[in-house]
Structure formats: C-alpha cells, structure tokens
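J.: Have a look at this prediction, sequence included:
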Amino acid sequence: MISYFDITALLGYLLQNANCDSFQILSISSNPQFLKEMMQNHIGRIYAGCFKREYLKYTPDFTNKEFKNLPSILSNTRYGYAAEVIACNEYAKKKNLLSCEAKLKLNNGDIKNFKLYFGGRYYAKNHRYLSDDPLSTLILEFKNKPVKAISEYFDQAIEFLRPFETMDILTYVPLKPDEIAAHRFNRFESLELNRCQHDNLELCSIVTCCRSFSQKRNDTIHRNENVKGAYAISQNIQNKKILIIDDVYSTGATITEIVKTLYEAGAAYVSALFIGVNQLTESPANLYQAPICSACGGKLQLRLNSKTNQLFWGCANYGRGCHVTKTCEQGLQEMRWVNRLNIADFKDLEDYY
C-alpha cells in the first residue's frame, strides 16, 4: 500500500516497480471518480459496494457488494457481465448482471421503486474509449436483424432473474409510430426465448407508443420532457409484476416514463432488463489503436460471420487475398497489448502545468 495524490504519478510508480504491463493493473475502490480516471487510462476496475444509478455512465468491469467475492473475480472464476461474456464466449459460465435501484414519483405523489439490470456496457461508434467492442458490435447488428447471441443473453438473464424477480408479464419497449410506418425491424419480436417458454413466460406487447419523438443530441432534461405522455398500456395489468426489456439504457428517460405508465395503470411491481448501458463519458486519454495483421500489415477489425453469427477479428483486407483471423478473445488480448501504457522514464508520466 502506498499513498498518492496524482494518479498519473501512481501509474508511473507501478509500471516502474511492479514489473507488469498496464493492462495487468486492477483498481478496486468505492470512489467512482477514481475508477473513472482508471478507465481513462484503460486500467481494470472493480467497484466495491452497492452500485448507484448515477454511476452508470462510467460502469466498471465488475461490481462487488462484498469483499468475500473478490477472490472469485481475481482468480478468473467469475467472467464478468453476462452479455459481454456471451459476445466473446457463448459457453463461458459464471456470468453476472449489473444491477441498481431507482425511484420515481407518480402523478398522485406516491414514490415507487424499480430495479434495473444490465448485461454489459455499450460504446457508441464515436466513442474513443473502445471503438471495437464486441457487445456494442452485436447491439448494432441487432437493430437490423436477429442475433443469436442477443437471444441467448436475454434467455439466460431472464432465467437467472426468476428466483429474485416474480414475473407475471414479460414485455418490451415498443417501436414508435414513424418506425412502424417505415417498416423498421422489430428486434424484440425476433428473440428466441426457449427457457422462458418452458416456464410458460411468453414475451408479449402490452406497451404502445402514442407519438414519435427523437432523443438524439438531447440532454437529460430535454429527454425527460420529450418522452412525457408518449406511452400507453393496451391491456389490464392490475396487480401484475412486470419485467420489461430493451437494448440500450442511455439517460433512463424512456424507461422511466414507461415504468411510470405501467405503475399508473396498476402494476404491482416493475423491473427492467437491458443488453447494455451507454457509456457517456469520453476518454480524454489515449486513443485505441487497432491490432495489426501479421501477414499484410493491415488493421484487424471485428467482423460477424454471417453463417455462424459469431464475432471474429479479421484483417481489413480479409476476403481480398488475406485471410488472417483471430478469435474474439485473441483479438481483445492483442488490442490490450498494443494499447498498453509505456514509459521510458518516470518523468514521462508526470503532469506538467
């Protein structure tokens, strides 16, 4: 244990004295600001304690309520968030969901609780922290066509939640009227939920969107105002316990409005399950560099096999004479290596003002 005041100096100290690479450093803290700074340097992060909704925009690699669970993380017997694990390795076991609690006020003044569950993190295309994230790639694919790994994630996640969350109804966030008019792909209707069907839990549409709206480039306040009164319930849900699913959680404006609408319609309890939570915090630190093909020198990038629906890393010249490929995990490991922090001298990492 050492005391420190400057994180850059701390990292320089570790790299000089611990004889390790930067991607082998793991930070554990209950201070989200500290973990945010670790993210900007691409350092592994574990949050200790109950995770709060306001920290979601910079989600760590693990959340850990009790220190007794740390050995399972450090020994690699717990692999991480379910959707991220499935995106890289469909058959890996001991996956977990990120969760947090939220509150909302109904029109009559009553305060209602609801719980949010997430399978991992989502990085938008212009996000500089990790532009080739496997889960984000699958989520983008899922907007336009069925994705086997996404169906598997929801099926496993709902099965995992059954002992903790009583579910009378399983539903999803609906398309907007303009999306329906444009015949947009209804991704949730494409899900294959075999485990749910065995438990007699069918995915059904009970929420309708009354008007079209766009949340792009709106801040949180405008998003909350924009979505007010946009949803209605199409059937009797009095005293029902409901799980609603969606793909990406950004500010939470849409899901909060839908949960409020469900409670106003008489629901007994509502919880929500997402594939990923949008990482809104940009990294001002190093940009990620792509791994390089050993054969032709081109950049390796994430690709989706159209036949097997599996992700792999392929050369930029893949299919045009170069056929070098790596598995998803191999590519990510190589990406960590080429983007490790390097210093020739301790002063290289000191701050100058």
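T.: Nice, I can see it.

J.: list the helices and strands whatever helix or strand Tyr47 lives in packs on?
T.: Using DSSP states H and E, Tyr47 sits in strand 44-48. Secondary-structure packing of strand 44-48 (3 or more Cβ pairs under 8 Å, 6 or more residues apart in numbering; DSSP states H and E): strand 26-29, helix 32-40, strand 62-64. (Glycine included, C-beta is placed from N, CA and C.)

J.: For it, output the C-alpha coordinates as CSV.
T.: Listed next in CSV are the C-alpha coordinates belonging to strand 44-48 (Å, rounded to 0.1, in the frame of the first residue of the first chain):
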residue,chain,number,x,y,z
GLY,A,44,-9.1,-2.7,-14.9
ARG,A,45,-11.7,-1.6,-12.4
ILE,A,46,-13.8,-3.1,-9.6
TYR,A,47,-16.4,-1.1,-7.7
ALA,A,48,-16.8,-2.1,-4.1
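
J.: so for it, what's the average pLDDT?
T.: Average pLDDT, strand 44-48: 91.

J.: next one: it to chain centre, how far?
T.: On the basis of Cα atoms, centre = their mean, to the nearest Å, strand 44-48 sits 15 Å off its chain's mean C-alpha point.

J.: do the same with stretch 116-123
T.: On the basis of Cα atoms, centre = their mean, stretch 116-123 sits 3 Å off its chain's mean C-alpha point.

J.: ok, residues contacting that stretch?
T.: 53, 56, 59, 80-84, 86-87, 97-102, 129-131, 133, 135-136, 139, 153, 157, 161, 248-249, 252, 255, 271-279 (Cβ atoms under 8 Å, 6 or more residues apart in numbering).

J.: Quick check: end-to-end length of that stretch?
T.: End-to-end distance for stretch 116-123: 19 Å, by Cα to Cα, to the nearest Å.

J.: Could you list the buried residues of it?
T.: Leu116, Tyr117, Phe118, Gly119, Gly120, Arg121, Tyr122, Tyr123 (16 or more other Cβ atoms under 10 Å).

J.: how about the residues you listed in JSON lines, adding distance to Asn239, pLDDT and secondary structure?
T.: Below are these laid out as JSON lines (distance: Cβ to Cβ, whole Å; pLDDT from 0 to 100; DSSP: H, G, I helix; E, B strand; the rest coil):
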{"residue": "Leu116", "distance to Asn239": "22", "pLDDT": "96", "secondary structure": "strand"}
{"residue": "Tyr117", "distance to Asn239": "22", "pLDDT": "97", "secondary structure": "strand"}
{"residue": "Phe118", "distance to Asn239": "27", "pLDDT": "97", "secondary structure": "strand"}
{"residue": "Gly119", "distance to Asn239": "29", "pLDDT": "96", "secondary structure": "coil"}
{"residue": "Gly120", "distance to Asn239": "33", "pLDDT": "95", "secondary structure": "coil"}
{"residue": "Arg121", "distance to Asn239": "35", "pLDDT": "94", "secondary structure": "strand"}
{"residue": "Tyr122", "distance to Asn239": "34", "pLDDT": "93", "secondary structure": "strand"}
{"residue": "Tyr123", "distance to Asn239": "39", "pLDDT": "87", "secondary structure": "coil"}
